Structure formats: C-alpha cells, structure tokens
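>>> got a predicted structure plus its sequence, pasted below:
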Amino acid sequence: MKRIPSVILFDGLCNLCNGFVQFVIARDPAARFRFAPLQSESGRRVLRSAALPDPFPETVVLVEAGRPFTRSAAVLRIVRRLRAPWPLAYAMILIPRPLRDWLYDAIARRRYRWFGKREECMVPTPELRRRFLD
C-alpha cells in the first residue's frame, strides 16, 4: 500500500516560511512531504479535512495521516524526517511545549518585519510542481 505523503501548510506570503519550504525540499530527497500555502484553496481543503478552522492562525501546520500538528510540534516533526543531521534537532521536543511555542510565536509575530513579505504566494518551478498540492 502506498503511503500518503504528509502535507506542510505554510504562509505563502512570508519569506521565512518560503525559505523553510525550500530548506525542507532540499533535505527531503524521498519527497515525503507535499506543500500548500495556507492562502490556497488546496490549503483550505487540507485544513477542513484535518478539522482545523479556516482561516487558520498564521503558523506552520503539518498534517500526517489526517492528524494536524502546529507551531513548534510541526517544525520538530518535520525536521525529524529530513536527511541527517537534522533529525537530531528533534531532541528539542524535550523542552516543555509552552516554552517552545512561546519562542515560535515570538518569531512568528516578527517574521514579516525581520524577513519580509511577498505580494503573492510563491510559484513553484516546473520540477517542484509535483511536490505542491493543486
């Protein structure tokens, strides 16, 4: 039976978030992850299928087998499945979630100021198109 890829939903206007998507793509040669901007119809469909509200607060969302993970838990679950040495970062799961999410939220609140914002969601190259939901 073919395994359904996990889906990463991200803020398609955020330069930091787009950089994170590029980071994951470069370290995920097995193509375990698919991607969709939170602003897209496909992103909204995934949110609804995972019983999350639309619009969803601005955060990275990982949906694995229909189960949603957000904020620091999403990021740590993602890096755990990347090429070495990144799975070692999963050890940060030992930090209490309120502290991890506090740091995540502090960066998320300032991401446009620190990293900038796009006018429209990124358009993947033809070779990467298959990694993005339609």
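Structure's in. What do you need?

>>> tell me where this structure has strands.
6-10, 33-37, 61-64, 67-70 (DSSP state E).

>>> now, of these, which is deepest in the fold?
strand 6-10 (a mean of 25; mean count of other Cβ atoms under 10 Å). No exception for glycine: its C-beta is placed from N, CA and C like everyone else's.

>>> that one - what's its average pLDDT?
The predicted model assigns strand 6-10 a mean pLDDT of 93.

>>> just stretch 20-34 next, same as before
92.

>>> cool, and stretch 96-112?
The average pLDDT within stretch 96-112 is 92.

>>> give me the distance from it to the chain's centre.
15 Å (Cα atoms, centre = their mean, to the nearest Å).

>>> list the buried ones in the longest helix belonging to the chain?
Secondary structure of the chain per DSSP state H: the longest helix is helix 97-115. Residues 100-101, 104, 108, 111-112 are the ones in helix 97-115 that count as buried (16 or more other Cβ atoms under 10 Å).

>>> returning to that earlier point: closest to Pro124 out of the strands of the chain?
strand 33-37 (8.0 Å; Cβ to Cβ).

>>> what are the C-alpha coordinates of that closest one, in PDB please?
The C-alpha trace of strand 33-37 is given here as PDB (Å, rounded to 0.1, in the frame of the first residue of the first chain):
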ATOM      1  CA  PHE A  33       6.300  16.000   2.200                       C
ATOM      2  CA  ARG A  34       3.800  17.800   0.000                       C
ATOM      3  CA  PHE A  35       3.200  21.600   0.400                       C
ATOM      4  CA  ALA A  36       0.400  24.100   0.100                       C
ATOM      5  CA  PRO A  37       0.100  27.700   1.100                       C
END
